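# After the sequence you'll find the predicted model.
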Amino acid sequence: MQDSNEIMENLLPEKSRDVYKKVCQKFLRWKEQQGIGEITEMVILNYLQDQSKNAAPSSMWNYCSMIKACLIAFENIDIGRFPKVKALLKQKSRGYRSKKSKVLDREEVLRFVIEAPDEVYLLVKMILVVGIAGGCRIAELTNMKIDDIDDRGSVMVITLPDTKTNKPRIFTIINETVVKALDIFKKYLELRPKNVPNKRLFLNYQKGRCTVQPVGENKIRKMPSVIASFLGLVNPQLYTGHSFRRTSASLLVNGGADILELKKHGGWSSTSVAENYIVDSVEKKNQTCKKIFGSSSSTSNVDISDVP
């Protein structure tokens, strides 16, 4: 039978439980240093105000969410019922624009896939096409296993069983007219050693050969910057590990997908979160401009005199 502390800990997200507890412990230490006993709305407001001196507004929302979850689990206190806390966070966020990973456009993806030599960049190409096709997070790419792949000849079906939202996602790899993603995938798999002591899909690749050593998270995180450097893009360091997921979302929407398809693709339940991954592209703005100024028989007789 589980003890009470273990039951309480299980109320926190398993994958980030340690982070939640660390953030909450920092708050509790601050409270002790201030000589504060009871946790009230004013206490939370003062703590957030103090933390805002060195933390971005986006971080403040995350801190508050983690503290809330821990206090509910261990102290039976719900700071979500404090309306002024949310008002303070909104006030701190006003006018703030978070720094986001830069994305690759379709032409840049095509150019890298076509021009980069396989002997040096085959692994990077492989992770690029998988990362974009599946809208994958770095952890999902790192932990992807050979058993997650279903080779059906003209299509590779990939299942992500262990996602951030604990909901499996499925996507496919196929050959298109220009991007032969499936050929890249199969070429890499053919180089995989037969007797690998682990199930990880991505293995280290050097001089046209795969080793048995799995590729680490840090190396995958740097790959968008490697791609940007090869292409000669400005500020390649701004192409971070999240670039694969953001590029995937932007290319999908530019290709005509609606918000529902985007949410399903990335595994997002929140519309606002999904929209946050879309880059305002010139292509989409051109389409909007055409809709505004282009002639259409279906709209030529619409009376807009009463439009406010």
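Yep, that arrived.
# so residue 211 sits right up against residue 198, yeah?
No: under the criterion of C-beta atoms under 8 Å, residue 211 is not in contact with residue 198, lying 11.6 Å apart. C-beta coordinates here come from the backbone N, C-alpha and C atoms, glycine included.
# For the stretch 151-300 of the chain, which segments count as strands?
All strands of the stretch 151-300 of the chain, identified by DSSP state E, counting those that start in this stretch, fall at 156-160, 169-173, 203-206, 209-214.
# can you redo these as JSON lines with distance to residue 41, mean pLDDT and mean neighbour count?
Output for the strands of the stretch 151-300 of the chain, formatted as JSON lines (distance: least, C-beta to C-beta, whole Å; pLDDT from 0 to 100; neighbours: other C-beta atoms under 10 Å):
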{"stretch": "strand 156-160", "distance to residue 41": "40", "mean pLDDT": "93", "mean neighbour count": "18"}
{"stretch": "strand 169-173", "distance to residue 41": "39", "mean pLDDT": "93", "mean neighbour count": "17"}
{"stretch": "strand 203-206", "distance to residue 41": "52", "mean pLDDT": "93", "mean neighbour count": "17"}
{"stretch": "strand 209-214", "distance to residue 41": "48", "mean pLDDT": "92", "mean neighbour count": "15"}
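# Residue 250 is nearest to which of those?
strand 169-173 (16.3 Å; C-beta to C-beta).
# Output the contacting helices and strands for that closest one.
helix 118-134, strand 156-160, helix 181-190 (3 or more C-beta pairs under 8 Å, 6 or more residues apart in numbering; DSSP states H and E).
# Strand partners (parallel or antiparallel) of the second one?
For strand 156-160, the paired strands and their directions (DSSP bridges) are strand 149-151 (antiparallel), strand 169-173 (antiparallel).
# chain center to stretch 222-233, what's the gap?
A distance of 19 Å separates the C-alpha centroid of stretch 222-233 from that of its chain, computed with C-alpha atoms, centre = their mean, to the nearest Å.
# buried set for it?
Using 16 or more other C-beta atoms under 10 Å as the test for burial, stretch 222-233 gives 222-228, 230-231, 233.
# contacts for it?
101-102, 104, 108, 111-112, 115-116, 121, 124, 127-128, 235-241, 243-244 (C-beta atoms under 8 Å, 6 or more residues apart in numbering).
# Just the buried subset of the residues you listed, please.
Applying 16+ other C-beta under 10 Å to those flags 101-102, 104, 108, 112, 116, 121, 124, 127-128, 236, 239-241, 243-244 as buried.
# Flag the least confident of those residues.
Within those, the minimum per-residue pLDDT falls on residue 101 (85).
# Distance of that one relative to residue 290?
29 Å (C-beta to C-beta, to the nearest Å).
# how would you label the nearest residue to residue 235 once chain neighbours are set aside: helix, strand or coil?
Using C-beta to C-beta, 6 or more residues apart in numbering and skipping the chain neighbours, the partner closest in space to residue 235 is residue 102 (7.3 Å). Three-state call for residue 102 (DSSP: H, G, I helix; E, B strand; the rest coil): coil.
# my read: residue 102 touches residue 234, true?
No: under the criterion of C-beta under 8 Å, residue 102 is not in contact with residue 234, lying 9.0 Å apart.
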